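**Q** Pasting a predicted model and its sequence here:
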Amino acid sequence: MRLRVMLLSLSTAGLFIMGGCQGDKASAYHDSALLEAIIEDIRIGWEQGDGAQFYKHFLDWDGARYFEGGGQNTGLKDLVENHVEPEAELGLKLGFTDIQTHFEGSFAWALVDTEIKLTTSDGRDIHNTGHGTYLFRLVEGSWKVVHTQSASRPVRRD
(Lines give C-alpha, C1' and ligand atoms only; values in the text may rest on other atoms or scores of the structure.)
Protein backbone atom coordinates (compact mmCIF):
# COMPACT_ATOMS: atom_id res chain seq x y z
CA MET A 1 0.00 0.00 0.00
CA ARG A 2 2.80 2.40 0.94
CA LEU A 3 4.64 1.67 -2.35
CA ARG A 4 1.42 2.31 -4.32
CA VAL A 5 0.89 5.70 -2.61
CA MET A 6 4.52 6.65 -3.25
CA LEU A 7 4.25 5.69 -6.93
CA LEU A 8 1.00 7.62 -7.24
CA SER A 9 2.65 10.65 -5.63
CA LEU A 10 5.62 10.40 -8.01
CA SER A 11 3.28 10.07 -10.99
CA THR A 12 1.31 13.10 -9.90
CA ALA A 13 4.50 15.10 -9.35
CA GLY A 14 5.71 14.03 -12.81
CA LEU A 15 2.49 15.21 -14.42
CA PHE A 16 2.70 18.48 -12.53
CA ILE A 17 6.29 19.03 -13.63
CA MET A 18 5.51 18.11 -17.25
CA GLY A 19 2.52 20.42 -17.28
CA GLY A 20 4.65 23.14 -15.76
CA CYS A 21 7.28 22.72 -18.46
CA GLN A 22 4.70 23.01 -21.22
CA GLY A 23 3.27 26.09 -19.54
CA ASP A 24 6.75 27.56 -19.17
CA LYS A 25 7.42 27.11 -22.89
CA ALA A 26 4.25 29.02 -23.77
CA SER A 27 4.76 31.60 -21.03
CA ALA A 28 8.13 32.49 -22.53
CA TYR A 29 6.07 33.98 -25.37
CA HIS A 30 3.66 35.82 -23.05
CA ASP A 31 4.99 39.22 -23.96
CA SER A 32 2.51 41.94 -24.89
CA ALA A 33 5.16 43.59 -27.07
CA LEU A 34 5.14 40.54 -29.39
CA LEU A 35 1.41 40.85 -30.07
CA GLU A 36 1.57 44.64 -30.31
CA ALA A 37 4.32 44.39 -32.95
CA ILE A 38 2.20 41.98 -35.01
CA ILE A 39 -0.80 44.28 -34.76
CA GLU A 40 1.34 47.23 -35.87
CA ASP A 41 2.63 45.24 -38.88
CA ILE A 42 -0.98 44.44 -39.79
CA ARG A 43 -2.01 48.10 -39.41
CA ILE A 44 0.76 49.23 -41.75
CA GLY A 45 0.01 46.39 -44.17
CA TRP A 46 -3.64 47.42 -44.23
CA GLU A 47 -2.84 51.07 -44.96
CA GLN A 48 -0.38 50.11 -47.69
CA GLY A 49 -2.46 47.27 -49.15
CA ASP A 50 0.46 44.95 -48.40
CA GLY A 51 -0.86 41.40 -48.16
CA ALA A 52 2.61 40.13 -47.22
CA GLN A 53 2.06 41.24 -43.62
CA PHE A 54 -1.16 39.24 -43.47
CA TYR A 55 0.39 36.11 -45.00
CA LYS A 56 3.26 36.46 -42.51
CA HIS A 57 1.16 36.91 -39.36
CA PHE A 58 -2.13 35.10 -40.05
CA LEU A 59 -2.59 31.34 -39.86
CA ASP A 60 -4.15 30.46 -43.22
CA TRP A 61 -6.47 27.57 -42.34
CA ASP A 62 -9.58 25.98 -43.83
CA GLY A 63 -12.63 27.65 -42.35
CA ALA A 64 -10.91 30.93 -41.44
CA ARG A 65 -13.37 33.81 -41.32
CA TYR A 66 -12.71 37.47 -40.55
CA PHE A 67 -15.59 39.78 -39.57
CA GLU A 68 -15.75 43.52 -40.03
CA GLY A 69 -18.62 45.97 -40.11
CA GLY A 70 -21.25 43.25 -40.43
CA GLY A 71 -19.47 41.61 -43.36
CA GLN A 72 -17.08 38.72 -43.51
CA ASN A 73 -14.17 37.43 -45.51
CA THR A 74 -13.73 33.68 -45.83
CA GLY A 75 -10.09 32.71 -45.91
CA LEU A 76 -6.96 34.81 -45.91
CA LYS A 77 -6.81 35.32 -49.68
CA ASP A 78 -10.36 36.70 -49.63
CA LEU A 79 -9.45 39.09 -46.81
CA VAL A 80 -6.36 40.41 -48.60
CA GLU A 81 -7.76 40.64 -52.14
CA ASN A 82 -11.28 41.83 -51.37
CA HIS A 83 -10.77 43.95 -48.28
CA VAL A 84 -7.17 44.97 -47.56
CA GLU A 85 -6.06 45.89 -51.10
CA PRO A 86 -9.25 47.79 -52.09
CA GLU A 87 -9.32 49.84 -48.87
CA ALA A 88 -5.68 50.87 -49.28
CA GLU A 89 -6.58 52.17 -52.74
CA LEU A 90 -9.13 54.45 -51.02
CA GLY A 91 -6.39 56.08 -48.92
CA LEU A 92 -7.17 54.18 -45.72
CA LYS A 93 -5.74 55.65 -42.55
CA LEU A 94 -6.05 53.21 -39.66
CA GLY A 95 -5.24 53.76 -36.02
CA PHE A 96 -5.08 51.26 -33.18
CA THR A 97 -4.96 52.52 -29.59
CA ASP A 98 -5.50 51.15 -26.10
CA ILE A 99 -4.24 47.69 -27.06
CA GLN A 100 -4.95 45.18 -24.30
CA THR A 101 -3.39 41.73 -24.51
CA HIS A 102 -4.33 38.55 -22.68
CA PHE A 103 -2.62 35.13 -22.59
CA GLU A 104 -3.86 31.62 -21.78
CA GLY A 105 -1.10 29.12 -22.53
CA SER A 106 -0.71 28.85 -26.31
CA PHE A 107 -3.77 31.05 -26.92
CA ALA A 108 -3.89 34.85 -26.74
CA TRP A 109 -6.15 37.69 -27.70
CA ALA A 110 -5.85 41.42 -28.08
CA LEU A 111 -8.53 44.09 -27.83
CA VAL A 112 -7.97 47.36 -29.68
CA ASP A 113 -9.74 50.66 -30.13
CA THR A 114 -9.84 51.59 -33.81
CA GLU A 115 -10.06 54.73 -35.89
CA ILE A 116 -10.72 54.47 -39.61
CA LYS A 117 -10.53 57.23 -42.23
CA LEU A 118 -10.93 56.87 -45.99
CA THR A 119 -12.75 58.36 -48.96
CA THR A 120 -15.03 56.00 -50.87
CA SER A 121 -14.90 55.66 -54.64
CA ASP A 122 -18.05 57.84 -54.86
CA GLY A 123 -16.38 60.61 -52.80
CA ARG A 124 -17.88 60.03 -49.35
CA ASP A 125 -15.54 60.72 -46.45
CA ILE A 126 -15.64 57.96 -43.85
CA HIS A 127 -14.45 58.59 -40.30
CA ASN A 128 -15.36 55.78 -37.92
CA THR A 129 -14.23 54.68 -34.49
CA GLY A 130 -14.80 51.33 -32.87
CA HIS A 131 -13.21 48.23 -31.44
CA GLY A 132 -11.50 45.11 -32.69
CA THR A 133 -10.48 41.71 -31.41
CA TYR A 134 -7.54 39.62 -32.60
CA LEU A 135 -7.33 35.94 -31.61
CA PHE A 136 -3.85 34.35 -31.68
CA ARG A 137 -2.46 30.83 -31.47
CA LEU A 138 1.16 29.98 -30.72
CA VAL A 139 2.38 27.91 -33.69
CA GLU A 140 5.97 26.62 -33.76
CA GLY A 141 7.19 29.50 -31.59
CA SER A 142 5.32 32.30 -33.39
CA TRP A 143 2.01 33.96 -32.61
CA LYS A 144 -0.40 33.64 -35.55
CA VAL A 145 -3.72 35.45 -35.95
CA VAL A 146 -6.51 32.89 -36.32
CA HIS A 147 -9.52 35.22 -36.27
CA THR A 148 -10.41 38.91 -36.21
CA GLN A 149 -13.57 40.84 -35.57
CA SER A 150 -14.04 44.58 -35.86
CA ALA A 151 -16.99 46.91 -35.49
CA SER A 152 -17.12 50.67 -35.91
CA ARG A 153 -19.57 53.51 -36.34
CA PRO A 154 -19.35 57.04 -37.70
CA VAL A 155 -17.81 59.67 -35.48
CA ARG A 156 -20.58 61.96 -34.26
CA ARG A 157 -20.23 65.51 -35.45
CA ASP A 158 -21.91 67.90 -33.01
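**A** Perfect, I can see it now. Source: prediction; values computed, not measured. Numbering: from 1, shown residues only.

**Q** Which residue ranges make up the domains of this protein?
**A** According to automatic domain parsing, the chain comprises the domains 1-30, 31-154.

**Q** Just give me the lowest mean pLDDT stretch among those domains.
**A** Ranked on mean pLDDT, the bottom entry among these is domain 1-30, at a mean of 49.

**Q** check which helix or strand covers the nearest residue to Trp61 once chain neighbours are set aside.
**A** Of all residues not flanking Trp61 in the chain, Val146 sits nearest, at 7.0 Å (C-beta to C-beta, 6 or more residues apart in numbering). In this view, the C-beta of every residue, glycine as well, is placed from N, C-alpha and C. In the assignment (DSSP states H and E), Val146 maps to strand 142-154.

**Q** what does the strand or helix carrying Leu118 rub up against?
**A** Using DSSP H and E, Leu118 maps to strand 107-119. Applying C-beta atoms under 8 Å, 6 or more residues apart in numbering, the contact partners of strand 107-119 are 30, 35-36, 39, 87, 90-102, 125-138, 143, 150, 152.

**Q** What are the buried residues along it?
**A** 108-110, 112, 114, 116-118 (16 or more other C-beta atoms under 10 Å).

**Q** how about a markdown table for those residues, with distance to Phe54 added?
**A** Output for the buried residues of strand 107-119, formatted as a markdown table (distance: C-beta to C-beta, whole Å):
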| residue | distance to Phe54 |
| --- | --- |
| Ala108 | 18 |
| Trp109 | 18 |
| Ala110 | 16 |
| Val112 | 16 |
| Thr114 | 17 |
| Ile116 | 17 |
| Lys117 | 20 |
| Leu118 | 18 |
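
**Q** So what does the residue nearest to Ser121 when sequence neighbours are not counted look like in phi/psi?
**A** Closest residue to Ser121 apart from its sequence neighbours, by C-beta to C-beta, 6+ apart: Leu90 at 6.8 Å. Backbone torsions of Leu90, given as degrees, to the nearest 10, read phi -90, psi 10.
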